[in-house]
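Asker: The amino acid sequence is not available; the structure is as follows:
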């Protein structure tokens with residue numbers, strides 16, 4: 001009887017762990033976020049997200065270092081703030097800032113022919129945030 005109970009608990013645990021997101025899925029999400037970052041953000045923020053990418057030479061401002069957000073926020077990655085800023089939900093200090101409102105322009109480099117919206121874009125933006133969080137130093 002005790003053996004059956006232990007076996008049932010073990011089997012239940014195995015089944016529950018199979019239903020949850022694992023490290024491989026997390027890595028896939030980060031990798032997909034890196035792809036989105038490379039296509040949409042790296043030109044201005046740099047390949048390593050440290051600011052001053054090649055397109056920033058033509059801007060009046062230096063894009064911020066995105067890899068150091070956690071360090072500048074007392075060890076906390078400001079995921080919600082970054083999400084709201086990228087999606088144009090926060091008022092910018094400089095209204096003429098070259099930072100696009102991605103909720104309006106979408107991911108035009110990831111999907112140059114259009115066709116992605118709604119849940120796809122939400123997933124892409126979540127993966128972008130996963131990538132940014134993963135590269136914090």
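Answerer: Done, it's in. Keep in mind that this is a model prediction, so the values were computed, not measured. Numbers count the residues shown, from 1 in each chain.

Asker: Residue 99 is in contact with residue 92, correct?
Answerer: Yes. Applying C-beta atoms under 8 Å as the test, residue 92 and residue 99 come out as touching, 7.0 Å apart. In this view, the C-beta of every residue, glycine as well, is placed from N, C-alpha and C.

Asker: Which one's more surrounded, these two?
Answerer: Neighbours per residue, other C-beta atoms under 10 Å: of residue 92 and residue 99, the larger number sits with residue 99, 17 against 11.

Asker: Can you tell me the SS state at the more buried one?
Answerer: coil (DSSP: H, G, I helix; E, B strand; the rest coil).

Asker: show me what contacts it?
Answerer: Applying C-beta atoms under 8 Å, 6 or more residues apart in numbering to residue 99 gives the contacts 63, 85, 92.

Asker: ok now do the second one, which residues does it touch?
Answerer: Contacts were defined as C-beta under 8 Å, 6+ apart; by that measure residue 85 touches residue 99.

Asker: chain center to whichever strand or helix holds it: distance?
Answerer: Secondary structure here is read from DSSP states H and E; on that basis residue 85 sits in helix 79-86. Taking C-alpha atoms, centre = their mean, to the nearest Å, one finds helix 79-86 lying 10 Å from the centre of the chain it belongs to.

Asker: Then stretch 97-107?
Answerer: On C-alpha atoms, centre = their mean, the centre of stretch 97-107 falls 15 Å from the chain's centre.

Asker: Noted, bye for now.
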